[in-house]
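Enquirer: Following is a predicted model, sequence given first.
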Amino acid sequence: MASSVISVSHFLSLYFAPSDRFLIKKRFEHNNNNKTHMEEKTCEGNFKSGKELVNKLRSMGYSQLLLPLPLEVKCQHCGEMFTMQEFESKCPKCGMVHGIAVCHADDAKNVMGAGIDY
């Protein structure tokens with residue numbers, strides 16, 4: 001049985017609207033260029049606190065990079081749901097800063113709070 005391989009563009013055209021395809025493709029291209037380097041640098045150790053994680057993201061220049069896909073996150077301070085688009089994001093209601101490690105960016109349960117306006 002032969003397997004068929006399709007391109008990313010073809011896959012996106014099958015399952016997503018044109019506006020979504022453009023955004024997903026841009027996120028993929030942007031993150032794919034930085035992925036290996038980012039994973040090596042931010043996944044070397046365990047973070048004991050959200051402040052440690054956010055400090056590492058900032059020191060490596062990753063805090064404002066886009067997540068592979070946005071995450072729906074519950075604020076660890078006020079409980080408000082918001083969309084996390086970057087590795088470091090702030091709750092729009094209370095200002096709590098949240099971060100997520102590059103190698104764990106696929107699951108919102110890995111988000112750590114760093115502090116209000118940290």
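Expert: Structure's in. What do you need? Residues are numbered from 1 along each chain as shown.
Enquirer: contacts and neighbour counts: CA atoms only from here.
Expert: Noted.
Enquirer: Show me what the longest strand anywhere in the chain pairs with in its sheet, parallel or antiparallel.
Expert: For the chain, the longest strand by residue count, based on DSSP state E, is strand 66-74. With DSSP bridges as the test, strand 66-74 is paired with strand 81-86 (antiparallel).
Enquirer: after the partner strand, next one along is what?
Expert: strand 88-90 (DSSP states H and E).
Enquirer: buried stuff in whichever helix or strand comes after that following strand?
Expert: Scanning forward in sequence from strand 88-90 by DSSP H and E, the next helix or strand is strand 96-99. Neighbour counts over strand 96-99 (16 or more other C-alpha atoms under 10 Å) mark 96, 97, 98, 99 as buried.
Enquirer: Repeat that for stretch 57-66.
Expert: By 16+ other C-alpha under 10 Å, the buried positions in stretch 57-66 come out as 57, 62, 63, 65, 66.
Enquirer: CA-only coordinates of the longest strand of the chain in PDB, if you can.
Expert: What follows is strand 66-74, C-alpha atoms only, in PDB (Å, rounded to 0.1, in the frame of the first residue of the first chain):
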ATOM      1  CA  LEU A  66       4.600  33.600  18.600                       C
ATOM      2  CA  LEU A  67       3.500  30.300  20.000                       C
ATOM      3  CA  PRO A  68       3.100  27.500  17.300                       C
ATOM      4  CA  LEU A  69      -0.700  27.800  17.900                       C
ATOM      5  CA  PRO A  70      -2.500  30.200  20.300                       C
ATOM      6  CA  LEU A  71      -3.500  28.700  23.700                       C
ATOM      7  CA  GLU A  72      -6.700  29.400  25.600                       C
ATOM      8  CA  VAL A  73      -5.400  30.000  29.200                       C
ATOM      9  CA  LYS A  74      -7.000  30.600  32.500                       C
END
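Enquirer: what does the average pLDDT come to for it?
Expert: Mean per-residue pLDDT for strand 66-74: 93.
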